[in-house]
Each structure stands twice: as structure tokens, then as C-alpha cells.
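> give me a model of this one.
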Amino acid sequence: MPATVELDQARATAIIRFAAPAKPGAIVSIGFAVRNRVAKGFGLTIADRILYLDQFQMWYPVAVKANGEWLEGAMAPAGVTKLQVPRGWRSVVTASLVRHQEQEGEVSETWRSPSGRPRSVAAGPYTLTSHDTRGRPVRVYGLTITAAQARETAAYTARAVAELERFFGTFPYPDYAIAEFPERTMGGSYAVGGAGVIFAVPQAFLPETANRVTFAHEAAHAWRGNQVMGGGRGGFLISESLAQVSALCAVAEIQGRPAATEHMRFGRLGYSDGVSARAYFSEIFGITLEDLRRAFTTAGDAAAIQRFFSQWLDRPAAPVLDVDWKPDARGGRAFVEITVRQPDPPFELAPEFLVLTGSRSIRQRIAITGRETRVRLALLARATSVQADPDHALFRWDPAYGSCPGVGSTRE
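Residues are numbered from 1 along each chain as shown. Have a look, this model is predicted:
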């Protein structure tokens, strides 16, 4: 099919114009080569013997209208990607591997992608480990990790995907892969995932709950991709929140609720510690706390929103719950009296309390206001234990963090 090529050096873009419009369903084969004089450009990054092409940099051909506007679904067209890499290298693509050949000191791999699956590409001296679960292959591409770490990561992620399928339905892709990336190449990220491939630093493959949450989190992105996003600066937090909640649900099913709760309490050291709301919104998103307050106040109950901001964002503090309890029995009935004290200024909260009575457990949400709140609960048997916020669903100070600045007691 006759065509002309127009190069836009400023945008590193090549515009291919056909003499006549391609018919719907037509297969167009476009071959191109890129020679970079720098290690990063045209969506291509080369570092630490790793080649990476980012799907969001639009390195591959996409269809546009005659006026230059994108067609619907242009970022994720169906097609075939064929890569030729040195012997001893493997490629990993957000697609399905359909052919692998080795000849004359070179490796050729062909990947097929259906419509709706954006393409990222990585290649390097990878060692491939495969794990099959219910007919779906899981491929782990390692550089420095051990075979045992690769197998354990593949097996756990497969279990996480199986649990997530119970919530969201069948996994959107026929396979998925996990590829190790040098820490320096990840640009500060711990792991990134999309369209069925997860790229992660070597530390992420250590058998720790925080890392397992990471892989479950990245796998969870596959169901929504970029279809559930917030608009404007910081809007990506909507997608990230959905993925994190999904991951914690999977971890709770696989390892039990205590493992998910432990991750909510401590997270991963150095990953999310010490981030204040003011710094987060100001430095990362370029908006102030007052910008945020105005937006929320305009959209909802102004008085309720102001109470929320005053309590959670206008002061450098978190709730500290000092809980006392004692069992009681009157008239043949069992009771437990719970007293919750807070330092000034107190928070208005409604945490869940877990009350154990021998072999039974009761969960009760209690409204807490002021410096001291007393409640009396009727039970079927004598209380043996009372715990506030057992799943750590509330953002609060935990005695396990150490002494709380300005508070004499952190007893719970």
C-alpha cells in the first residue's frame, strides 16, 4: 500500500500517511528501526544491560484519523511484535508469546496482542521460570534472584490472582509475567504493573508479606487498567486505592486477616513512612491544603467537611486510644464496661471493638467523643479480652511504634 512518511524530530514522531484509507479489518505491517545516541529517548531506555520500551510513551504504531485525532482504542491496537535480541537474552512483552527461536547467535521472539492491551517491552539476559496454574502460565524473568524466589513469587501471585477472580471475575489476560528490573532502572519505583506484566526491583522478590501485597496490588490493576481513574492532579490515587484494597483482600484470604492487618499497621519500611498530607499534596500534586478544602466544601456538606479537615488535616496528630475494661455480672447477666481515654485535643471516632468471651467473639462499633467515653455492653458470657480497632482500619498511633510525642500513656 503506497504511503509517505513525515518525521517530526521535535516530538520524535513519524507520521505515516497512506495514499488511500485502509479498509476496516485490514492488516498493515509496519517495520521501523531506532538508533539512539543517548540511553533514553523515543520511549526507549537502555541501562544496566536492560532494554525497556514504555507503553505510555507510544513507541509503537497507532491508528489516527486523517485530521490527526486518535481513534477509540488507538493506544492498545491488536497486533504482533517481533523482537530480535542477542543469544542468552529473553524478551518480555505485555502480550502472549507465540514463538521462540534461536539461531546464528540471535534469539527471535514473536508476541501477539489482542486489541485493548497496550504494549510495554523489556529485554535482557533473563533466566525464565514458568509456573502453570489452572492452565494459565505465569512467567518469571530473573536477573539476580534465585530460582526458589522466582517459583515462590510465581506461586503466590497465582494464588492472589485466583482470589481476586472471586471478587472481579476472570483475569482479563490469558497469561501474565513478572520481570526483575535493576533498582536504578526503575526510577525510584518499587514495582509497576499493567496489562498482565509486573516489573519489580530485586528486593520485591524476598518472601515478605509486604512484597506479596505488592505483587497482588500490581496484579489487581489488570482488571481495571486505566479505565477507573480520577481526573486532575493526584487522580491516579483512585486507581491505586482500588488496587491496594483488592490486594489486602487477597492477602487476607491467603495468609489470614492478621497478615493483612499487620501490613496495614507497618506497610513496607521506607516506602510510605512519614508522609504528611500537606507535603504530599503540595510537593507531589502542586496543590495546597486550602485548594483541597475548597473543592471538598463546594461538593458536599460544608460543616461536616470542615470538621473532618479540622480533625485530620489541620493539626499534626493521630488518635491515641487508652483503653480500660472490666467484666461485670448483675442479675445473672454478663456485661463489660469499656472506658476509652484520649489526650487533648480529642478525636471524634467510631472504631470497632473486638470482645472475646471464651470461645466466642463479638464485634461492636462504639462512638467515641471527648477525652473520656464509657460504654457498657451486654454479653452472653464473661469477657476475657477487649481490643480496640482489631483490624487497624483506623489511622491511629499504635503502641508498637514506640512512645507517642507529647502523650504520657499509649496503653491500649
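> show the model's pLDDT score for residue 180.
In this model, residue 180 is scored at 93, pLDDT.
> check whether it really touches residue 143, as I assumed.
Yes: at 4.8 Å, residue 180 counts as touching residue 143 under the criterion of C-beta atoms under 8 Å. Backbone N, C-alpha and C define where each C-beta goes, glycine included.
> mutual contacts of the two, please.
126, 202 (C-beta atoms under 8 Å, 6 or more residues apart in numbering).
> neighbour-wise, which of the two wins?
Neighbours per residue (other C-beta atoms under 10 Å) separate residue 180 from residue 143, with residue 180 holding more: 25 against 16.
> beta partners of that one?
Taking DSSP bridges as the rule, residue 180 bridges to residue 200.
> now residue 142
Beta-bridge partners, per DSSP bridges, of residue 142: residue 127.
> distance check, it against residue 200.
Residue 142 sits 11 Å away from residue 200, going by C-beta to C-beta, to the nearest Å.
> kindly report the same for residue 347.
Residue 347 is 37 Å from residue 200, by C-beta to C-beta.
> tell me which of these two has more neighbours.
residue 200 (24 against 21).
> was I right about the more buried one contacting residue 190?
Yes: the pair residue 200 / residue 190 is scored as a contact, 6.9 Å apart, by C-beta under 8 Å.
> what's the overlap in contacts for those two?
By C-beta under 8 Å, 6+ apart, the residues touching both residue 200 and residue 190 are residue 214.
> now the common contact residues for residue 142 and residue 200.
residue 180.
> what's the neighbour count on residue 59?
17.
> pretty sure it contacts residue 53?
Yes: between residue 59 and residue 53 there is a contact under C-beta under 8 Å: 4.8 Å.
> phi, psi of the residue sitting furthest away from the middle of the chain?
Ranked by distance from the centre of the chain (C-alpha atoms, centre = their mean), the top residue is residue 331, with 53.2 Å. Per-residue torsions, residue 331: phi 60, psi 30 (degrees, to the nearest 10).
> tally of neighbours for the closest residue to residue 252 other than its chain neighbours?
Among residues not flanking residue 252 along the chain, residue 260 sits closest, at 4.0 Å (C-beta to C-beta, 6 or more residues apart in numbering). A count of neighbours around residue 260, defined by other C-beta under 10 Å, yields 22.
> check contacts around residue 260.
213, 248-249, 251-252, 391.
> change it to 7 Å
248, 251-252 (C-beta atoms under 7 Å, 6 or more residues apart in numbering).
> who wins for neighbours among the residues you listed?
Most neighbours among those, by other C-beta under 10 Å: residue 251, with 27 neighbours.
> now do the helices in the stretch 201-350 of the chain.
209-224, 236-255, 257-266, 277-279, 285, 289-299, 302-312 (DSSP state H, counting those that start in this stretch).
> any idea how far the closest residue to residue 371 other than its chain neighbours is from residue 132?
Closest residue to residue 371 apart from its sequence neighbours, by C-beta to C-beta, 6+ apart: residue 346 at 5.1 Å. Distance of residue 346 to residue 132, given as C-beta to C-beta: 55 Å.
> tell me which of these two has more neighbours.
Between residue 346 and residue 132, counting by other C-beta under 10 Å, residue 346 is the more crowded of the two (18 against 11).
> ok, back up a step: nearest to residue 128, of the contacts of residue 260?
residue 251 (26.7 Å; C-beta to C-beta).
> who's in contact with that closest one?
Residue 251 neighbours (C-beta under 7 Å, 6+ apart): 209, 212-213, 216, 259-260, 263.
> ok, so of those residues, who is nearest residue 113?
residue 216 (24.1 Å).
> what does the strand or helix carrying residue 162 contact?
With secondary structure defined by DSSP states H and E, residue 162 is part of helix 147-168. Residues from elsewhere that reach helix 147-168, judged by C-beta under 7 Å, 6+ apart: 129, 131, 133, 138, 140, 142, 171, 178, 205, 207, 212, 215-216, 219-220, 223, 246, 249-250, 253-254.
> center of the chain, which residue is that?
residue 217 (3.9 Å).
> next, count neighbours for the closest residue to that residue other than its chain neighbours.
In space, and not counting its chain neighbours, residue 217 is closest to residue 247: 3.9 Å by C-beta to C-beta, 6+ apart. Close neighbours of residue 247, defined as other C-beta under 10 Å, add up to 25.
> surely residue 247 meets residue 221?
No: the criterion here is C-beta atoms under 7 Å, and residue 247 misses it with residue 221 at 9.8 Å.
> which one of the contacts of residue 260 is nearest residue 368?
residue 248 (24.6 Å).
> please tell me how far the closest one sits from residue 365.
For residue 248 relative to residue 365 (C-beta to C-beta), the value is 20 Å.
> now swap in residue 59 and tell me
Taking C-beta to C-beta, one finds residue 59 at 51 Å from residue 365.
> and what of residue 204?
36 Å.
> of the two, which one has the most company?
residue 204 (26 against 9).
> tell me which residues form a beta bridge with residue 15?
Bridge pairing for residue 15 - DSSP bridges - gives residue 6.
> show me what contacts the nearest residue to residue 244 once chain neighbours are set aside?
Among residues not flanking residue 244 along the chain, residue 217 sits closest, at 5.6 Å (C-beta to C-beta, 6+ apart). Contacts for residue 217 (C-beta under 7 Å, 6+ apart) come out as 243-244, 247.
> what of residue 114?
Contacts of residue 114 by C-beta under 7 Å, 6+ apart are residue 78.
> re earlier: hey, which of the helices of the stretch 201-350 of the chain is tucked in deepest?
Stretch with highest mean neighbour count among the helices of the stretch 201-350 of the chain: helix 209-224 (a mean of 22; mean count of other C-beta atoms under 10 Å).
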